[in-house]
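Asks: Give the three-dimensional model of this entry:
(2 chains)
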Amino acid sequence: MIQVKELFHDYTGKGQHAVRDVSFTIDRGEIFGFLGPSGAGKSTVQNLMIGLLELQRGAIDYDGVSVKKVGANFFNRIGVSFEHPNLYAKLTGYENLKYYAGLFDVSTVPPLELLDLVGLKEAAYKKAAAYSKGMKQRLVFCRSLINRPRILFLDEPTSGLDPVTANRIKELIIRKKKEGCTIFLTTHNMYIAEELCDRVAFLNEGSIVAMDSPRELKLKYGERSVKVEYKNGAGFESELFFLGSESERAAFNKVVTEKEIQTIHTQEATLEQIFIKLTGRELA
Amino acid sequence: MFSRLVNLFKLDLNVTLRNALAWVMGGTLVIMILTVHFLIPDSEFEGMRQYFLDETEHTVLKGALLEAGVAEEWVFNSYDSLHEAVLQDRQSVGLVYRGSLESLQVVMLHHGALSPENVNLLRASLEKTMAESAGLSPGGGYQVEYLRELVEPVSNKMHALPSLLAFEVIVIGFLMVAVMIFQEKSEGTIKAYRVSPGRTGAYLLSKTLVFASLGLIYGLVFIFSTMGLPPNLPLLCLVLALAVSFYTLAGAAVAVFFNNISEWIFVGVGLLMLNMVPIISYGYPAFSPAVLTYLPSYPLLFGLRELLVPTGKPVFLLVWLLLALNAAAFALCLPLVHRKLMKEGRS
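Replies: Here you go, the predicted model:
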C-alpha cells in the first residue's frame, strides 16, 4: 500500500507551495488517477513519490517504509512513463530498451516482446529520432514495463496517440492491473481516468479538492444536471446547471425564462464538468 | 554492480560515437597529424636565448663569450641595442656585465617571472663564465656534476608533441563530457536514469571510463602516427588515461551548473584557455612564474615531454599527482552530479 500524508512542497523557499496538504492512499492493485490542469501540482506529487524531488514536509510510505529510506532496490520495483518522451535519439528503439534493461537487478522483459505489444516491432531497429511523437510515447511506455514493475507511474500515457493505439495502451494498463500492479495515473484526460481508474483525485492549485471513485463523484456532484442550449444573437450558446444548488436552480430558471431555448437535456455530468464545478477551471 | 557499469559503459560509448562531435574530434586528429608531419619544422628547438653586453673594463668578457661559441649577433655593443633586442624577442634574457673581473656585476633583463630552475641555471652559467674569465679553475668554489646523461637537442616537431597531447588530446574528456551531459539533459534521458537502480557513482564512473578509453586511443593514434613507438609505452598509456579521466571529472563538475553548450561556452572555453597558459612557459622558458606551476596542465605538460623525450627525470611523481587529482575530482564531482543532475527543484 502507498500512503501519502500531509504533503507540502515549496520550490521557491518563500512559502509559495506548489503542493499543499495532499493526502491519499493507494491500495495494492488499484489504479489511482490524479487529475488536474497543467500547473496543478500533479508532476510535483509524482516526482516526490518516485524520489526525484526530496521530501520537504509530509510523508510518503511504501508498505510502511518511507520514500526517504527506500534504497536502490525500490527502483527495481517501479516503472515510470514520463509525459515527454525522454529517449536517446541516436539509439534505436531496441537499443533504448536493451540498455535501460541493463540497469536493473531483476529479470527483465525481452525488448522485442515489449515492442511487439505496442506495435513497434517493425520499427525496433530504427533510431528513436526517426520515430513519430506517438511512437516515442509508446516506446517510453514500453520502457516503464521493462523491469516487470509492481508499481507503475504513468504520466499522460495516451497523450498524442491515435485512438487505436490509445486503446492498445489502455488494454495493457488493465492487464497490468490484473497482474496485481499498482498504478498511479497522472492525466488531464477525464475519459482515460473514467475508463481506467478505480479512484481519482482532483488536484487544483496544489490541493486535492475531491477524491473518490468516478462513479461516486458523479453521484455526489453530478446529480440533476441539465444542459440548456439557447440562441444568443446570431449564434448559439450552451450552459450546464446543477439543480441541487439553489443558486444554479435560479440561474437555470432565469435562462429558461429570458432566452430563446433550443434544447434542454438532463444528463450525467462528466468528470471534467465536475472538476469545473468544483474549481472553476478547465482540465485541459 | 559490475554488469550495470559495463552496460552503462556500452551505452555511453555508443551514444558518444554517434555524436557529431566524435567526427569533429576525428577530423581534428587528422589535422594534428598532418600539422606535425608537414607544418612543424624538423629543426632544433631553441630554448631561452641569452643576449650579452660587455661593459667591463677593456671588455674582457666579450672575447671569452665569442670563444665559448656565443653567436656574434647575440653580443651587443650598447645597452640600448641590447634592451631593444630583448624587448623584441620574448624568449630572451639580456645579461649586462659591468665592473672588473675582480668585482664583476651582472644585470639581467627579462620579460617577466623566471622559474627558480632557470634562475639557478643562469646563475651557475654566469659563475662558470666568470670563473673561467678570471683564470680560476672550475674547482674554485664549485664543480659541475651531471646527474643524468646529456641528451640530444630536441627538434621542433618533438617539442610540439607534448603540448598537442596535453591541450588537444587530453582535454577531449573536459569537452565531451559536457556535450554528453547537455545532450542527456535536453533529451531528458537523465530523468529516466534517475528512476532506475543506477546510482550517481556508476553514472560518473561510466563516463569517466568511456572518455579515458577514447582519450587513450586518440592519444596513441596521434603518437604512433607522429613519432612511432614512444620510449615508455605503458607509462605513457597510464598517464594519458589518468589525465583524460581527471579532465573528464573536472569537465563534469563544471557542466552540471549549465543547461546547454551556449550557457557553458564562456566558462568552459575560458577554463580551457586558462588550462593552456603553461604552454607559454613551455614555448618560452623565460616566462614561467610560480603561479603557473599550480595549474594541473603544467606538470602534465612537462611530464609528457619527459615521457616522449626522456632526459632521466622521474615521471612517477606525475602519476601520483594524477592519481591524487583524480581522487579529489571524483570526491568533488560526485555530490555535485548527485545534487545538480540526479535531483530536481529546491530540496
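Asks: contacts, neighbours, all on C-alpha from now
Replies: Noted.
Asks: for the helix or strand where B:Leu336 lies, packing partners?
Replies: Element membership of B:Leu336, judged by DSSP states H and E, is helix B:316-341. When contacts are defined as 3 or more C-alpha pairs under 8 Å, 6 or more residues apart in numbering or on different chains; DSSP states H and E, helix B:316-341 sits against helix B:200-226, helix B:233-255, helix B:297-308.
Asks: Of those, which is nearest chain A?
Replies: Closest of those to chain A is helix B:200-226, at 10.1 Å (criterion: C-alpha to the nearest C-alpha).
Asks: tell me the centre residue of the chain?
Replies: No chain in the question, so chain A it is. Centroid-nearest residue in chain A, with C-alpha atoms, centre = their mean: A:Thr186, separated by 2.1 Å.
Asks: switch to chain B, that's the one I care about
Replies: B:Leu301 (2.5 Å).
Asks: residue contacts, that residue?
Replies: Going by C-alpha atoms under 8 Å, 6 or more residues apart in numbering or on different chains, B:Leu301 touches B:162-163, B:166, B:278-279, B:282.
Asks: for chain B, what are the nearby residues on chain A?
Replies: Counting by C-alpha under 8 Å from any C-alpha of the partner chain, chain A comes close to chain B at A:10-13, A:50-56, A:72-76, A:79-80, A:85-91, A:99, A:102-105.
Asks: Just the ones in strands from the contacts of B:Leu301, please.
Replies: Nothing among the contacts of B:Leu301 maps onto strands, per DSSP state E.
Asks: which bits of chain B sit near chain A?
Replies: B:3-4, B:7-8, B:11, B:14-15, B:18-19, B:184, B:187-189, B:191-192, B:194-199, B:342-347.
Asks: Could I have the buried ones of these as PyMOL selection syntax?
Replies: Selecting the buried subset of the residues of chain B next to chain A in PyMOL, with 16 or more other C-alpha atoms under 10 Å in any protein chain shown as the burial test, is done by:
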select buried, chain B and resi 4+7+8+11+15+19+184+187+188+189+191+192+194+195+196+197+198+199+342+343+344
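Asks: Could you report the distance from A:Asp105 to B:Ser206?
Replies: As for A:Asp105, its distance to B:Ser206 is 17 Å (criterion: C-alpha to C-alpha, to the nearest Å).
Asks: quick one: which of those two has more around it?
Replies: Taking other C-alpha atoms under 10 Å in any protein chain shown, A:Asp105 and B:Ser206 do not tie; B:Ser206 has more neighbours (22 against 19).
Asks: how about the nearest residue to that one, chain neighbours excluded?
Replies: B:Phe9 (5.0 Å; C-alpha to C-alpha, 6 or more residues apart in numbering or on different chains).
Asks: Over to B:Ala255?
Replies: Nearest residue to B:Ala255, sequence neighbours excluded (C-alpha to C-alpha, 6+ apart): B:Ala178, at 5.2 Å.
Asks: mind listing what that neighbour touches?
Replies: B:251-252, B:254-255, B:261.
Asks: so A:Val209, which of the three states?
Replies: Under DSSP: H, G, I helix; E, B strand; the rest coil, the three-state class of A:Val209 is strand.
Asks: Tell me the pLDDT of it.
Replies: With respect to pLDDT, A:Val209 has a value of 90.
Asks: try A:Ala101
Replies: As predicted, A:Ala101 sits at a pLDDT of 95.
Asks: What separation do you get for the residue of chain B most remote from its centre and chain A?
Replies: The outermost residue of chain B, judged by C-alpha distance from the chain's mean C-alpha position using C-alpha atoms, centre = their mean, is B:His58 at 45.0 Å. Distance of B:His58 to chain A, computed by C-alpha to the nearest C-alpha, to the nearest Å: 79 Å.
Asks: again with B:Gly69
Replies: Going from B:Gly69 to chain A by C-alpha to the nearest C-alpha gives 64 Å.
Asks: With B:Arg49 instead?
Replies: 54 Å.
Asks: which ones are touching the nearest residue to B:Leu332 once chain neighbours are set aside?
Replies: Spatial nearest neighbour of B:Leu332, chain neighbours left out: B:Ala253 (7.5 Å); criterion: C-alpha to C-alpha, 6+ apart. Residues near B:Ala253 by C-alpha under 8 Å, 6+ apart: B:332-333, B:336-337.
Asks: what are the ranges of the helices in the chain?
Replies: Unless you meant another one, I'm taking chain A. Using DSSP state H, the helices found in chain A span residues A:42-49, A:74-77, A:93-101, A:111-117, A:133-145, A:163-178, A:190-196, A:214-221, A:246-258, A:271-279.
Asks: my bad, the chain I had in mind was chain B
Replies: Taking DSSP H as the criterion, chain B carries its helices at B:2-17, B:20-34, B:60-67, B:79-88, B:116-133, B:156-164, B:172-187, B:189-194, B:200-226, B:233-255, B:261-276, B:278-283, B:297-308, B:316-341.
Asks: Return the most buried member of these.
Replies: Counting by mean count of other C-alpha atoms under 10 Å in any protein chain shown, helix B:233-255 has the highest mean neighbour count of the helices of chain B, with a mean of 24.
Asks: Phi first, then psi, for the residue in the stretch 101-250 of chain A positioned nearest to chain B.
Replies: In the stretch 101-250 of chain A, the residue found nearest to chain B is A:Leu103; the distance is 5.3 Å by C-alpha to the nearest C-alpha. Main-chain torsions, A:Leu103, degrees, to the nearest 10: phi -90, psi -10.
Asks: again with A:Gly71
Replies: According to degrees, to the nearest 10, A:Gly71 has phi -90, psi -170.
Asks: quick one: contacts for the closest residue to chain A within the stretch 1-150 of chain B?
Replies: In the stretch 1-150 of chain B, the residue that lies nearest chain A is B:Arg4 (5.3 Å; C-alpha to the nearest C-alpha). Taking C-alpha under 8 Å, 6+ apart, we find B:Arg4 in contact with A:102-104, B:198, B:202.
Asks: confidence score at it?
Replies: 90.
Asks: picking up where we left off before, including pLDDT and distance to B:Leu325, could the contacts of B:Ala178 go into JSON lines?
Replies: Putting those into JSON lines (pLDDT from 0 to 100; distance: C-alpha to C-alpha, whole Å) gives the following:
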{"residue": "B:Gly251", "pLDDT": "96", "distance to B:Leu325": "13"}
{"residue": "B:Ala252", "pLDDT": "96", "distance to B:Leu325": "14"}
{"residue": "B:Val254", "pLDDT": "96", "distance to B:Leu325": "15"}
{"residue": "B:Ala255", "pLDDT": "96", "distance to B:Leu325": "18"}
{"residue": "B:Ile261", "pLDDT": "91", "distance to B:Leu325": "25"}
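Asks: Tell me who's in contact with the residue of the stretch 101-250 of chain A closest to chain B.
Replies: With C-alpha under 8 Å, 6+ apart, A:Leu103 has these contacts: B:4, B:7-8, B:196-198.
Asks: try 6 Å
Replies: Residues near A:Leu103 by C-alpha atoms under 6 Å, 6 or more residues apart in numbering or on different chains: B:4, B:198.
Asks: For it, give its distance to B:Lys185.
Replies: From A:Leu103 over to B:Lys185 (counting by C-alpha to C-alpha), the distance is 19 Å.
Asks: ditto for A:Ile2
Replies: Counting by C-alpha to C-alpha, the gap from A:Ile2 to B:Lys185 is 30 Å.
Asks: Kindly report the same for B:Val267.
Replies: Per C-alpha to C-alpha, B:Val267 is found 18 Å from B:Lys185.
Asks: likewise A:Gln46?
Replies: A:Gln46 sits 19 Å away from B:Lys185, going by C-alpha to C-alpha.
Asks: Residue 69: how many residues sit nearby?
Replies: Picking chain A for this. There are 10 residues near A:Lys69, going by other C-alpha under 10 Å.
Asks: Chain B was what I was after
Replies: Using other C-alpha under 10 Å, B:Gly69 is surrounded by 8 other residues.
Asks: Cool, thanks, signing off.
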